[in-house]
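**Student:** sequence and predicted structure are below.
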Amino acid sequence: MSNDAEHAHPMNIAHEHEDLREDAPATSPVTELSEEESWELLKQARFARLATRDGDEIDITPLNIVSDGEKLYFRSAKGTKVLHLQLNPNVAVEIDRTSGSQAHSVVVRGTAAMITDADEIRRVEELGLRPWLNTEKIEVVEITPTRITGRAFRLGH
């Protein structure tokens, strides 16, 4: 996205919502976030939800995440989640938070891959990737985004 586009439409993601924003009243309780604003929220987030597909079913799993501003990362024990990712790497990750009368939600759609390179695993660990539980979580997974959307909400409207 060019700087001109960012300044002309600071709350617009890839111009796909221009008509929505022009028709929206000035006091709209929902605001589209730019990709840059969405990344800032993702970089602050430590908790997310991962949606994976297993045949006709979709599973949603809570995660601890970190971001380097380009990709998302999490650790996982070998098991169902890792198997789902190997069978179908297309995923969605969602973060949200409320604070006072404000809330936000960011959804990342992308592809997941296991990281096997020791130097890359060390780099991700240096980002602060820590599990909640003291269990063995051997696999490090990276999610490469293909689409990011975010919204801010004024609550109570």
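**Tutor:** Now that the structure is in, tell me what you want to look at. Numbering: from 1, shown residues only.

**Student:** and stretch 81-92, how far out from the chain's middle?
**Tutor:** Remark: stretch 81-92 is offset 16 Å from the chain centroid, using C-alpha atoms, centre = their mean, to the nearest Å.

**Student:** quick one: average pLDDT of it?
**Tutor:** For stretch 81-92, mean pLDDT rounds to 88.

**Student:** so what touches it?
**Tutor:** Identification of contacts with stretch 81-92 by C-beta atoms under 8 Å, 6 or more residues apart in numbering yields 50-54, 59, 61, 76, 107-114, 139, 141, 143. Yep, even glycine has a C-beta here, placed from its N, CA and C like the rest.

**Student:** in strands only, show me those residues.
**Tutor:** Among these, the members found in strands (DSSP state E) are 50-54, 59, 61, 76, 107-114, 139, 141, 143.

**Student:** show me what contacts the residue nearest the centre of the chain?
**Tutor:** Centroid-nearest residue in the chain, with C-alpha atoms, centre = their mean: Val108, separated by 4.0 Å. By C-beta under 8 Å, 6+ apart, the residues touching Val108 are Leu42, Leu72, Ala92, Val93, Glu94, Ile143, Pro145, Arg147, Ile148.

**Student:** CA atoms only: put the helix or strand that contains the fourth one into CSV for me.
**Tutor:** With elements delineated by DSSP states H and E, Val93 resides in strand 90-99, which encompasses its position. Included here for strand 90-99 are C-alpha records, laid out as CSV according to Å, rounded to 0.1, in the frame of the first residue of the first chain:
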residue,chain,number,x,y,z
ASN,A,90,-5.0,-23.2,5.3
VAL,A,91,-5.9,-21.5,8.6
ALA,A,92,-7.5,-18.4,10.2
VAL,A,93,-6.2,-16.8,13.4
GLU,A,94,-8.3,-14.3,15.3
ILE,A,95,-7.4,-11.9,18.1
ASP,A,96,-9.7,-9.6,20.0
ARG,A,97,-9.7,-7.4,23.0
THR,A,98,-11.9,-4.9,24.8
SER,A,99,-10.9,-2.0,26.9
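
**Student:** just give me how far that strand sits from the chain centre.
**Tutor:** 5 Å.

**Student:** tell me where the chain has helices.
**Tutor:** Counting by DSSP state H, the chain has these helices, from start to end: 3-8, 18-23, 35-44, 80-87, 118-126.
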